[in-house]
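Trainee: fold the following and give me the result.
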Amino acid sequence: MAETSNIESRVKNILQDLKVEYEWIEVDPEFADTSQFCEKYGFKMEESGNTIIVASKRGEKKFSGCIVLGTDRLDVNKKVKSLMGVSRLSFANAEDTIQLTGMMIGGVTPFALPIDLPIYIDHKIMSLEKLIVGGGSRSGKILIHPDELLKISSVQVIEDLSLS
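Mentor: A predicted model of the protein is given here:
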């Protein structure tokens with residue numbers, strides 16, 4: 001529990017430092033995964049952003065963060081591979097995700113990722129009125145306008161980052 005409150009405090013401090021306008025939503029950790037969260041708390045999959053950590057599989061380990069709609073699949077094999085300039089990659093496993101971010105899968109937020117980590121946002125997200133993203137732990141989510149993501153220095157909006 002102390003670990004959860006530490007990461008949430010860190011995330012809230014970063015949100016404040018970046019002057020992000022947001023609403024914090026407390027979540028039962030058992031319902032942190034996108035589809036379960038949306039069903040239990042009355043949000044739409046189309047307004048949920050999944051923050052996914054991707055890792056190269058060969059040579060020096062490279063990572064990136066990608067944000068796609070809950071209804072879409074990340075185009076790992078073509079688009080992300082091209083953006084990262086690597087020959088093979090996959091979704092980072094739970095251990096790598098925790099080691100890199102300090103966050104568990106199901107709670108990763110783009111607002112507390114390492115400052116030098118490239119973050120790619122699917123262009124479809126930017127046309128939404130509101131967006132739900134992870135809060136850094138499986139106990140919280142952040143409700144924002146998508147433009148708030150642009151306050152993160154390593155963010156790039158990418159056309160066709162996802163497959164519907």
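Trainee: need the helices for this structure, in chain order.
Mentor: Taking DSSP state H as the test, the helices found in the chain are 2-17, 34-41, 81-84, 94-101.
Trainee: turn these into TSV, including mean neighbour count, distance to residue 56 and mean pLDDT.
Mentor: Where C-beta positions appear, they are placed from N, C-alpha and C, glycine not excepted. Formatted as TSV, those follow (neighbours: other Cβ atoms under 10 Å; distance: least, Cβ to Cβ, whole Å; pLDDT from 0 to 100):
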stretch	mean neighbour count	distance to residue 56	mean pLDDT
helix 2-17	15	25	86
helix 34-41	16	25	94
helix 81-84	16	7	96
helix 94-101	15	11	94
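Trainee: can these go into CSV with extra columns for distance to residue 69?
Mentor: Below are those laid out as CSV (distance: least, Cβ to Cβ, whole Å):
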stretch, distance to residue 69
helix 2-17, 21
helix 34-41, 9
helix 81-84, 18
helix 94-101, 20
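Trainee: nearest to residue 66, out of these?
Mentor: helix 81-84 (8.8 Å; Cβ to Cβ).
Trainee: what residues does the closest one touch?
Mentor: 54, 56, 62, 64, 87, 88, 89, 118, 120, 158 (Cβ atoms under 8 Å, 6 or more residues apart in numbering).
Trainee: so which of those residues belong to strands?
Mentor: Within the contacts of helix 81-84, residues falling in strands by DSSP state E are 54, 56, 64, 89, 120, 158.
Trainee: of all the residues you listed, which two lie farthest apart?
Mentor: 56 and 158 (17.6 Å).
Trainee: fine, thanks again, bye for now.
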